[in-house]
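Visitor: Fold the following for me, if possible:
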Amino acid sequence: MASSTPPPHCALTTVKPYTSHHFHHPQNNHRRGSTHQQRRWAPQKVSLNKNDGSQAAARLPPASAAAGRIDYPSLSVTDFSSRRSTRFVSKMHFGRRRSTAPTRHSAAAAEALEAIACGGDGKSMDSILRSYESKLCASDDYTYLLRELGNRGDWFRAMQCFEFATSREKRRNELGKLGTSMISTLGRLGKVDLAKQVFDTAVNEGYGNTVYAYSALISAYAKSGYCDEAIGVFESMKDYGLKPNLITYNALIDACGKGGGNYKRAMEIFDDMLRNGVQPDRITYNSLLAVCSGAGLWETARNLFDEMVYRGIDQDIYTYNTLLDAACGGGHMDTAFEIMAEMPAKNIMPNEVTYSTIIRGCAKAGRLDRALNLFAEMKIAGIKLDRVSYNTLVAIYANLGRFEEAFAVAEEMEKFGIKKDVVTYNALLDGFGKQGMYGRVQSLFAEMKREKLSPNLLTYSTLISVYLKGGLYEESFEVYKEFKQQGLKADVVFYSKLIDALCKKGLVELSALLLEEMMKLGIHPNVVTYNSIINAFGQSESADQLVVSVPSSSHRIPDNTAVHKEDRIIEVFRYLSFGKSGDQGHERGQKDFRCVLDIFSSMHEMQIKPNVVTFSAILNACSHCNSFEDASLLLEELRLFDNQVYGVAYGLLMGCNENTWSQAVTLFDEMKRMDTSTASAFYNALTDMLWHFGQRRGAQLVVLEGKRQEVWDNTWSDSCLDLHLMSSGAARAMVHAWLLNIRSILFEGHELPKLLSILTGWGKHSKVVGDSALKRSIEALLISIGAPFQIAKCNMGRFVSTGAVVATWLRQSGTLKVLVLQDDRNRSGTMKLESVAL
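Guide: Sure, this is the predicted structure:
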């Protein structure tokens, strides 16, 4: 059965004041009210909702504004993207070799570099440099050596070279060049603390107070994601009366991207840049796009791309790769393919990063077959798979449970000189864990250590999550102790995975305990964290799962443990071993109702934008409310936060009328911009709730609209109904609609196909093979309405009947009555089913 919980991307809510990220153009002032852009990608022709252009003058110079009257967009009312992973496209190029620019180094410098590289003859670095000292041409040759040693990752020898050069150079300008080069080299290699020491020494000795040295240090912090530190250097630079240049601003914007996608800060810096007369270049826009990608701001990224084109700034492969990352991160895979198809027309050919980005997007959206086809396409195009591509392919096969193919890819990867790394093992650990193959998880973890690979934060969070979901509390506790012993610090992703694992076991109170703990530590929860908790209230089994209260001091870990006794995570693990089952019955339903509201209110207060997962989770929670009244009250209160989304859900729950349906269609049309997997999850969640509370005609209207919008691929034909991607409520509503359509064909005088089929799938992931929840619900429905379908002998996930038998049943006088669905509750002005095309 298809889940009604979508991938963790794509927001589905109107933009609140804190999520309005506007890009203004002067042309917007004279023309308002443009229409919504549809699904197609159309660079330079994007037409979105109206917005004022109060800050337009700061964006484009007057000459540019006067050059042509092109209507440019502001942002859409609906932002369909949200914060996703901590890995941004800009990080794909961290530590990459600098492109070789024309230099003035001498032949002696190249010889010296070769001698240093072959320094196995016992010569010290100092003696090699002394032997070439008379031939080297001051700072140009030494900066060349520093850069090239940095390209080879040899920061230690680079420092030796720097100390040798500065001990002999007396001219302040030349010393400044050396200092800047050394700071840049260390920054590229992630040696930020060392870069700061070099900078401080340069300042103290009188040659570091230059815009170039400050810019280099800002860039060093940026490359390691230290946004606050970079901004601190920027402020101190201005205090010294130094005027930032283009390099400074670009480095600072880059810091915002790598420091967590802080769009607001990046735009403040961009505005300051324009106010000071510094014109942006391609690097500026590429960095801004990376910020949007990291923050999940697809609409803003698209507008930035258009503004970049308007300014006449050429795009490069990094521009397109980052734009693609923003599109894929927001779940806009159809648009991503259109962008990729556009690249060759601009003489920008997709590379391994392009493919890796779009393949990862397909994998996250559940389009795994498409992702695998892209790998084949890469090989046909002669594009070598890089480490990211191979690891993504391993992750896809592992996620599908196709482990032989996953290991075959890993072997091929090593054959081409790319060794398995921590990312490879993390993918395999997660894949085996999802299949409940805990023995293989343990052996892989041991193998990883034998290969001298240090487990990272994701490794430990994956293992703990896997063991928690499997009920292996002692194993998860041992992994956490090792994690603490390694000196690693938990982040929002770590806590979110633990909270999700606890919630999936129904341990909501313990997850709330961890939520409180992470906030005390200054780790801000994100939308994924909250979605896990909300979704727990919509799980049917949760009331029967283990329920615990806050642990008392008597259950603390003994003082001789290797981890701190005040650690709340430790208390959670400890208490799990003393857990007791319970059922809160009726009280729990009312408590759930209030908790969902409290959590949603907390998200709003923390300016965390709900997304489609939030919406689906809330609808699931509504489905498990004790009564229709509780569900309607919950949605009614949520309308205070977002009347568009929750107003539509409330209206449909109360009984569909013309006005409600008009608002619903507007919302459904906006969903065309979503990827199909996200859209189908939305429709599934909504119809499940409506069906659960007896609003079955409304549920049928929704699924028919989903069919019209092609949310479910190849769902419907005259001979077959495929329900694989549907939830229980959506599937049952669709069966009624399909049988009514078959009846209309029959009564129009046409002959029915010889064989009619309804596909549900046989439940390959169910505990009992062939016993899927969707199959059971459809079987019960067919029996209840007397439909003459039987399980096929050759396919336990398929119901079949001959056309002649179904025709006889459809002609019976009572059949139409059982097929036409009605709402249990109606309001005035209700609409007819015929208003929605079958």
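Visitor: now for the helix or strand where residue 484 lies, which elements pack on it?
Guide: Using DSSP states H and E, residue 484 maps to helix 473-485. Packing partners of helix 473-485 (3 or more C-beta pairs under 8 Å, 6 or more residues apart in numbering; DSSP states H and E): helix 457-469, helix 568-576. Bear in mind the C-beta positions are built from the backbone N, C-alpha and C, glycine included.
Visitor: Format the CA atom coordinates belonging to it as PDB.
Guide: Output of helix 473-485 as PDB, limited to C-alpha atoms (Å, rounded to 0.1, in the frame of the first residue of the first chain):
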ATOM      1  CA  TYR A 473      17.800  -1.200  22.900                       C
ATOM      2  CA  GLU A 474      21.000  -2.600  24.400                       C
ATOM      3  CA  GLU A 475      22.700  -2.500  21.000                       C
ATOM      4  CA  SER A 476      21.600   1.100  20.300                       C
ATOM      5  CA  PHE A 477      22.800   2.100  23.800                       C
ATOM      6  CA  GLU A 478      26.300   0.500  23.100                       C
ATOM      7  CA  VAL A 479      26.500   2.500  19.800                       C
ATOM      8  CA  TYR A 480      25.600   5.700  21.600                       C
ATOM      9  CA  LYS A 481      28.300   5.100  24.200                       C
ATOM     10  CA  GLU A 482      30.900   4.600  21.500                       C
ATOM     11  CA  PHE A 483      29.600   7.800  19.800                       C
ATOM     12  CA  LYS A 484      30.200   9.800  23.000                       C
ATOM     13  CA  GLN A 485      33.600   8.200  23.500                       C
END
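Visitor: Would you mark the buried spots in it?
Guide: 473, 475, 476, 477, 479, 480, 481, 482, 483, 484 (16 or more other C-beta atoms under 10 Å).
Visitor: Kindly report the same for stretch 640-650.
Guide: Across stretch 640-650, burial judged by 16+ other C-beta under 10 Å covers 641, 642, 644, 645, 646, 647, 648, 649, 650.
Visitor: hang on, isn't residue 476 packed against residue 464?
Guide: Yes - taking C-beta atoms under 8 Å as the definition, residue 476 is a contact partner of residue 464 at 4.7 Å.
Visitor: So the closest residue to residue 263 other than its chain neighbours versus residue 322, what's the distance?
Guide: Once flanking residues are discounted, residue 263 sits nearest to residue 295: 4.7 Å by C-beta to C-beta, 6 or more residues apart in numbering. Counting by C-beta to C-beta, to the nearest Å, the gap from residue 295 to residue 322 is 12 Å.
Visitor: out of these two, which sits in the more crowded spot?
Guide: residue 322 (31 against 26; other C-beta atoms under 10 Å).
Visitor: who's in contact with residue 535?
Guide: Counting by C-beta atoms under 8 Å, 6 or more residues apart in numbering, residue 535 touches 5, 503, 613, 616, 617, 620, 621.
Visitor: starting at the chain centroid, how far to the strand or helix carrying the second one?
Guide: By that I understand residue 503. Secondary structure from DSSP H and E places residue 503 in helix 492-504. From the chain centre to the centre of helix 492-504 is a distance of 16 Å (C-alpha atoms, centre = their mean, to the nearest Å).
Visitor: hmm, who's touching it?
Guide: 85-86, 457-458, 460-462, 464-465, 468-469, 508, 510-511, 514-515, 517-518, 523-526, 528-529, 532-533, 535-536, 539, 569, 572.
Visitor: repeat for stretch 733-741
Guide: 687, 691, 696, 699-700, 702-704, 707, 715-716, 721, 723, 726, 758, 778, 781-782, 787, 810, 819-821, 838.
Visitor: Which of those residues fall in strands?
Guide: In strands, defined here by DSSP state E, the members of the contacts of stretch 733-741 are 721, 758.
Visitor: Give me the PyMOL select line for the contacts of stretch 733-741, limited to the buried ones.
Guide: Applied in PyMOL, the following selects the buried portion of these according to 16+ other C-beta under 10 Å:
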select buried, resi 687+691+696+699+700+702+703+704+707+715+721+723+726+758+778+781+782+787+810+819+821
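Visitor: ok, which stretches of the stretch 551-700 of the chain are helices?
Guide: All helices of the stretch 551-700 of the chain, identified by DSSP state H, counting those that start in this stretch, fall at 568-576, 585-605, 612-623, 628-638, 645-654, 658-670, 676-692, 696-708.
Visitor: about what we covered before: just flag the most distant two among the buried residues of helix 473-485.
Guide: Spatial extent of the buried residues of helix 473-485 (C-beta to C-beta) is set by the pair 473 and 484 at 16.5 Å.
Visitor: residues of the strand or helix carrying residue 320 that come out buried?
Guide: Element membership for residue 320 (DSSP H and E) is helix 317-329. Residues of helix 317-329 classed as buried: 318, 319, 320, 321, 322, 323, 324, 325, 326, 327, 328, 329 (neighbour count, 16+ other C-beta under 10 Å).
Visitor: ditto for stretch 217-237
Guide: So, applying 16+ other C-beta under 10 Å, buried residues of stretch 217-237: 217-227, 229-231, 233-234, 237.
Visitor: Tell me which entries of the residues you listed lie within helices.
Guide: Among the buried residues of stretch 217-237, DSSP state H puts 217-223, 227, 229-231, 233-234, 237 in helices.
Visitor: and which of the residues you listed is nearest residue 104?
Guide: Using C-beta to C-beta, residue 219 comes nearest to residue 104 of these, at 22.3 Å.
Visitor: list the contacts for the closest residue to residue 207 other than its chain neighbours?
Guide: With sequence-adjacent residues excluded and distances taken as C-beta to C-beta, 6+ apart, residue 207 is closest to residue 175, at 3.9 Å. By C-beta under 8 Å, 6+ apart, the contact set of residue 175 is 139, 166, 169, 202, 205, 207.
Visitor: Neighbours of the last one, how many?
Guide: Residue 207 sits with 22 neighbouring residues when counted by other C-beta under 10 Å.
Visitor: quick check, distance from the helix or strand just after the helix holding residue 320 to the centre of its chain.
Guide: Toward the C-terminus, helix 317-329 is succeeded by helix 333-342 as the next helix or strand (DSSP H and E). Remark: helix 333-342 is offset 18 Å from the chain centroid, using C-alpha atoms, centre = their mean.
Visitor: mind listing what's buried in helix 333-342?
Guide: Those would be 333, 334, 335, 336, 337, 338, 339, 340, for helix 333-342 by 16+ other C-beta under 10 Å.
Visitor: With respect to residue 671, which of those residues is nearest?
Guide: residue 334 (12.6 Å).
Visitor: Restricting to C-alpha, output stretch 172-190 in PDB.
Guide: The C-alpha trace of stretch 172-190 is given here as PDB (Å, rounded to 0.1, in the frame of the first residue of the first chain):
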ATOM      1  CA  ARG A 172      55.600  44.700   3.400                       C
ATOM      2  CA  ASN A 173      53.600  44.300   0.200                       C
ATOM      3  CA  GLU A 174      55.400  41.100  -0.700                       C
ATOM      4  CA  LEU A 175      54.800  39.700   2.800                       C
ATOM      5  CA  GLY A 176      51.200  40.600   2.500                       C
ATOM      6  CA  LYS A 177      50.900  38.500  -0.700                       C
ATOM      7  CA  LEU A 178      52.600  35.600   1.000                       C
ATOM      8  CA  GLY A 179      50.300  35.800   4.000                       C
ATOM      9  CA  THR A 180      47.200  36.000   1.900                       C
ATOM     10  CA  SER A 181      48.300  33.000  -0.200                       C
ATOM     11  CA  MET A 182      49.000  30.900   2.900                       C
ATOM     12  CA  ILE A 183      45.700  31.800   4.500                       C
ATOM     13  CA  SER A 184      43.900  30.800   1.300                       C
ATOM     14  CA  THR A 185      45.800  27.600   1.000                       C
ATOM     15  CA  LEU A 186      45.000  26.500   4.600                       C
ATOM     16  CA  GLY A 187      41.400  27.600   4.100                       C
ATOM     17  CA  ARG A 188      41.000  25.300   1.100                       C
ATOM     18  CA  LEU A 189      42.400  22.400   3.100                       C
ATOM     19  CA  GLY A 190      40.000  23.000   6.000                       C
END
